[in-house]
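Participant: Got a predicted structure plus its sequence, pasted below:
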Amino acid sequence: MTQPAPNPWIQKIDAYQPGKAKTGGHAKPVKLSSNENPWGASPRALEALSAAAGSAHRYPDGTAAALRAKIGALHGLDPERIVCGTGSDEILQLLPTIYCAPGDTVLHVAHGFMVYPIAARRAGAEPIAAPDRDYTADVDALLAAVRPDTRVLFLANPNNPTGTMIPASEVARLHAGLRGDVLLVLDQAYAEYLESPDPDGGLALARTASNVVVTRTLSKIYGLGGLRVGWATGPAAIIAELNRARAPFPISVPALAAAEAAIEDQAFVADCRARNRAQRQLLADAIGRLGNKGLRAIPSEANFILVSCPERGPLAAEALYNGLAERGFITRWLPGQGLPHALRISVGTEAETAGVIAALNAIADAA
């Protein structure tokens with residue numbers, strides 16, 4: 001019998017694997033695998049979420065006009081040049097669909113967000129990974145990897161899963177080296193963890209350049225990962241195409257209400273930023289003290305730390321991942337992202353950070 005056949009480029013997709021949430025022997029393990037905000041969401045956002053639940057039978061405003069107005073006011077952006085989506089993931093997935101044809105290429109850094117190659121292959125395009133330099137995006141390598149058929153370049157800054165970041169001067173140099181028909185997508189999912197409102201100059205670039213889009217999310221510091229809210233800004237022409245291709249009602253009524261309240265509570269964001277910075281430093285320092293055991297914390301600007309591990313022994317990445325899981329701490333081992341020697345550990349609360357440090361020390365002492 002014949003049956004429906006998927007497009008061959010779809011079959012090349014390696015499905016996204018989310019961070020694990022369970023581990024054997026622990027009813028309530030500490031989840032440090034998904035870069036979530038361990039302090040949750042703003043109380044104002046939760047109150048708005050609850051209040052809006054009674055309107056769940058109504059369709060939402062598909063244009064998210066009120067949310068776009070609040071985002072625009074916060075960042076000094078034209079709301080007409082903002083589009084909202086089901087997380088920034090929806091927007092990242094749409095861009096190659098809009099701008100690539102089968103056989104085109106999409107460029108990203110070697111150790112980057114795993115959604116980028118998925119987005120490329122959904123459009124029938126070929127993902128191309130450019131080498132990095134000590135876990136950091138290498139502008140020269142990216143520019144050297146651009147081909148005549150390259151249509152989109154994804155750059156997460158700060159980068160996931162490495163936590164590293166290139167400065168505004170390097171972002172500007174990357175943009176200046178691209179052809180005008182190559183779309184530069186700056187994924188600023190972790191930008192709010194830095195003090196600057198536009199830490200790599202991406203928002204400023206998206207105001208003036210015809211081929212730059214910046215994406216952001218409310219899943220990280222805003223603590224709304226379960227509600228799936230993201231947004232992007234860029235040239236009016238590109239935003240128009242995203243509005244043409246996006247889902248008609250991408251964000252639910254309760255999620256919109258929570259997102260609008262979250263954007264207004266910048267005191268909560270500032271508090272989470274400070275607490276994240278303090279706990280990240282404690283975790284980095286603790287890993288640094290285990291340098292004689294072969295562990296290294298890659299300097300991070302986000303809400304997680306990439307830990308480089310020795311190739312063999314009880315502190316090798318897989319063994320350390322299992323050892324932490326046995327003690328109730330779920331981290332992320334990264335062989336599927338070309339980092340079989342590394343773990344990514346999300347920053348937790350004060351108690352969670354103290355606990356994972358104690359677990360790391362216990363494993364190292366027994367090694």
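Facilitator: Looks like it arrived, so ask away.

Participant: Run through the strands of the stretch 251-367 of the chain in chain order.
Facilitator: Applying DSSP state E, counting those that start in this stretch to the stretch 251-367 of the chain gives strands spanning 296-297, 304-308, 329-330, 332-334, 339-346.

Participant: which of those strands sits most buried?
Facilitator: strand 304-308 (a mean of 24; mean count of other C-beta atoms under 10 Å). (C-beta placed from N, C-alpha, C; glycine too.)

Participant: could I get that strand in CSV with only the CA atoms?
Facilitator: The C-alpha atoms that make up strand 304-308 are tabulated as CSV, following Å, rounded to 0.1, in the frame of the first residue of the first chain:
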residue,chain,number,x,y,z
PHE,A,304,23.7,28.9,33.3
ILE,A,305,27.3,27.8,33.2
LEU,A,306,28.9,25.4,30.7
VAL,A,307,31.3,23.0,32.5
SER,A,308,34.1,21.5,30.5
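
Participant: List the strands paired with that strand, with their directions.
Facilitator: Next to strand 304-308 in the sheet, as set by DSSP bridges, lie strand 296-297 (antiparallel), strand 339-346 (antiparallel).

Participant: Rebuild the ones you listed as TSV, extending it with distance to residue 72 and mean pLDDT.
Facilitator: Shown next, in TSV, are the strands paired with strand 304-308 (distance: least, C-beta to C-beta, whole Å; pLDDT from 0 to 100):
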stretch	distance to residue 72	mean pLDDT
strand 296-297	37	98
strand 339-346	30	98
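
Participant: Distance to residue 197 for the strands of the stretch 251-367 of the chain - can I get that in a markdown table?
Facilitator: Putting those into a markdown table (distance: least, C-beta to C-beta, whole Å) gives the following:
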| stretch | distance to residue 197 |
| --- | --- |
| strand 296-297 | 27 |
| strand 304-308 | 22 |
| strand 329-330 | 33 |
| strand 332-334 | 29 |
| strand 339-346 | 24 |
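
Participant: wait, which of these is closest to residue 145?
Facilitator: Residue 145 lies closest, by C-beta to C-beta, to one member of those: strand 339-346, at 19.4 Å.

Participant: what comes into contact with that closest one?
Facilitator: Applying C-beta atoms under 8 Å, 6 or more residues apart in numbering, the contact partners of strand 339-346 are 31-36, 38, 111, 161, 283, 303-311, 316-318, 320-321, 324, 331-334, 356.

Participant: Specify the local secondary structure of residue 247.
Facilitator: coil (DSSP: H, G, I helix; E, B strand; the rest coil).

Participant: what do you get for residue 129?
Facilitator: Residue 129 ends up strand, using three-state DSSP.

Participant: so who does it touch?
Facilitator: Counting by C-beta under 8 Å, 6+ apart, residue 129 makes contact with 107-110, 112, 117, 338.

Participant: Got the domain ranges for this protein?
Facilitator: 18-40+267-366, 43-264 (automatic domain parsing).

Participant: if we can go back for a sec, take the contacts of strand 339-346 and keep only those in helices.
Facilitator: 283, 317-318, 320-321, 324, 356 (DSSP state H).

Participant: tell me the mean pLDDT over stretch 157-177?
Facilitator: Stretch 157-177 carries an average pLDDT of 98.

Participant: Report the buried residues of it.
Facilitator: 157-166, 168, 170-172, 174-175 (16 or more other C-beta atoms under 10 Å).

Participant: same check, this time on stretch 61-77
Facilitator: For stretch 61-77, burial by neighbour count (16+ other C-beta under 10 Å) applies to 63-64, 67-68, 70-72, 75, 77.

Participant: pLDDT below threshold where in the chain?
Facilitator: Along the chain, segments meeting pLDDT under 70 are nowhere present.

Participant: Kindly recompute the last result at 90.
Facilitator: Within the chain, the ranges that satisfy pLDDT under 90 run 1-2, 4-28, 336, 367.

Participant: For the spatially most central residue of it, list the residues it contacts.
Facilitator: When C-alpha atoms, centre = their mean is applied to the chain, the residue found nearest the centroid is residue 189 (4.7 Å). Applying C-beta under 8 Å, 6+ apart, we find residue 189 in contact with 88, 156, 160, 215-217, 219-220.

Participant: Nearest to residue 237 among those residues?
Facilitator: Distances from residue 237 to those, taken by C-beta to C-beta, are shortest for residue 215, at 16.8 Å.

Participant: so where do the strands sit in the stretch 51-200 of the chain?
Facilitator: Counting by DSSP E, counting those that start in this stretch, the strands of the stretch 51-200 of the chain are 82-85, 105-109, 126-130, 150-156, 183-187.
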